[in-house]
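In: Sequence and predicted model, in that order:
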Amino acid sequence: MAETSRQTYFLVVLSCILFVSVNGECPADKFGDECQFECHCSNGVCEQKSGHCPKGCALGWSGPSCQKQNIALKRRATQSSTFCEPTGRCFNASYSVDGSRDQWLYAGSGCSHTQSSSYNEWRVSWSEEHYITNLVIYNRKDCCQEDLNGFRVYVQQRNGTRVLCYNDPTSQPIRDVIHVRCDAPVLGTSVTITLSGGDDVNLTLCEVEVYVCAAGWYGDHCENQCTGPQCQQCDPTGTYCQDCAVGRFGKDCLGLCHCYDGVACQREGSCPGKGKKLCARGWTGSSCSTGKSLTHHLQNNPYLIFLTF
């Protein structure tokens, strides 16, 4: 302890590391080395390390660890027109996201079906943004399967821009189930399927499933973990992280943000805004990654006590 004429400085440095362990287990609805992943099991309980669900995945989830989600399920769906029979039965857009894979137009909940037109479209949307890569489309089986040839899939971004995801060739063999992979992942809030041609064209979809991986997972079946527990979403190949946890940045989210007042930093680590107060106290540089010396801290924080356990 040292004392000056105006202020007293206390500096206590303890070079100890405190390990805290409760019981080494995650809560029933979490798993992973740091309990960072959510379980998506039918009964809410999964294996602590792998996330495997002995009793199966919850509705809308699939994959080895139930980390693959169908974000189209039960979401809001619309279409350019709706075909209705004289009896009053209509084939609404919502029939394509009701969870039923029945592929007969008149059986079960049926399929969505537009009126005949030179241009038809069907859309499913959600409020949050997702990187869209994979879709599965269930075509009708009772007849007219070739009518779906030549469809297009678009992903609409939050700013309203519509990006082409997939362009189906007009000449295709009959397909009961169509697996679609976007030419490149697109961040968006809705998926639109369009079909155009002559005047006697209608768009019939029995079920549409749009798949994304839960935070921290990638792969066709969301079977692989992204590098590092701080990565919320990596690219479909797992090469780099697209979305780090709050307070992190960098390829594997290993960088720590040091922005003023706890503001989240940008992907390259820089702090948003203008002016002098961009970095947290004690940090400088273009990405606020340069720490100031201990002498500087003491001079600007006269009663500062450092405790490291």
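Out: Perfect, thanks for sending it.
In: Correct me if wrong: residue 155 contacts residue 180.
Out: No: if you go by Cβ atoms under 8 Å, residue 155 and residue 180 don't touch, sitting 11.2 Å apart. Any C-beta I mention is one placed from the backbone N, CA and C, and that applies to glycine too.
In: Please identify every residue contacting each of those two.
Out: residue 165 (Cβ atoms under 8 Å, 6 or more residues apart in numbering).
In: who's more crowded, those two?
Out: Taking other Cβ atoms under 10 Å, residue 155 and residue 180 do not tie; residue 155 has more neighbours (25 against 20).
In: just checking, residue 140 touches residue 110?
Out: No: Residue 140 lies out of contact with residue 110 (Cβ under 8 Å); the separation is 9.4 Å.
In: Can you work out which residues contact both of those two?
Out: Shared contacts of residue 140 and residue 110, counting by Cβ under 8 Å, 6+ apart, come down to 104, 206.
In: ok, now which ones touch residue 104?
Out: Residue 104 is in contact with 110, 140-142, 206, counting by Cβ under 8 Å, 6+ apart.
In: Is it in a helix, a strand, or coil?
Out: Counting by DSSP: H, G, I helix; E, B strand; the rest coil, the backbone at residue 104 sits in coil.
In: how about the strands in the stretch 51-200 of the chain?
Out: Under the criterion DSSP state E, counting those that start in this stretch, the stretch 51-200 of the chain contains strands at 61-62, 68-70, 76-79, 112-113, 117-138, 152-156, 162-167, 177-201.
In: Please enumerate the helices of this protein.
Out: Using DSSP state H, the helices of the chain run over residues 294-300.
In: any low-confidence regions in this structure?
Out: Scanning the chain for pLDDT under 70 picks out 1-24, 227-229, 236-240, 251-252, 267, 274-277, 292-309.
In: Who is the spatially most central residue of it paired with across the strands?
Out: Per Cα atoms, centre = their mean, the C-alpha nearest to the average position across the chain is that of residue 130, at 4.5 Å. Beta bridges link residue 130 to residue 188, judged by DSSP bridges.
In: How much space separates the nearest residue to residue 145 once chain neighbours are set aside from residue 206?
Out: In this structure, residue 145 finds its nearest non-sequential neighbour in residue 174, 4.7 Å apart by Cβ to Cβ, 6 or more residues apart in numbering. Residue 174 sits 14 Å away from residue 206, going by Cβ to Cβ, to the nearest Å.
In: same thing with residue 180?
Out: Residue 180 is 15 Å from residue 206, by Cβ to Cβ.
In: Could you report the neighbour count for residue 289?
Out: Around residue 289 there are 17 residues (other Cβ under 10 Å).
In: correction: residue 101
Out: 12.
In: from what I can see it touches residue 208, true?
Out: No: with contact defined as Cβ under 8 Å, residue 101 does not reach residue 208; the gap is 10.6 Å.
In: Overlap of the contact sets of those two?
Out: With Cβ under 8 Å, 6+ apart as the test, residue 101 and residue 208 both reach residue 138.
In: buried stuff in stretch 41-58?
Out: Within stretch 41-58, the residues that count as buried by 16 or more other Cβ atoms under 10 Å are 41, 46, 48, 51, 53, 57-58.
In: Nearest to residue 232, out of these: which one, please.
Out: Checking the buried residues of stretch 41-58 against residue 232 with Cβ to Cβ, the nearest one is residue 51 at 16.3 Å.
In: For residue 213, see how far away that closest one is.
Out: Residue 51 is 13 Å from residue 213, by Cβ to Cβ.
In: Can you tell me what sits against stretch 75-84?
Out: Stretch 75-84 is contacted by residues 90-94, 96-97, 112-115, 117, 119-126, 202-203 when judged by Cβ under 8 Å, 6+ apart.
In: Where do the strands of the stretch 201-309 of the chain begin and end?
Out: 204-205, 207-213, 217-218, 224-225, 231-234, 241-244, 248-249, 255-256, 283-284, 290-291.
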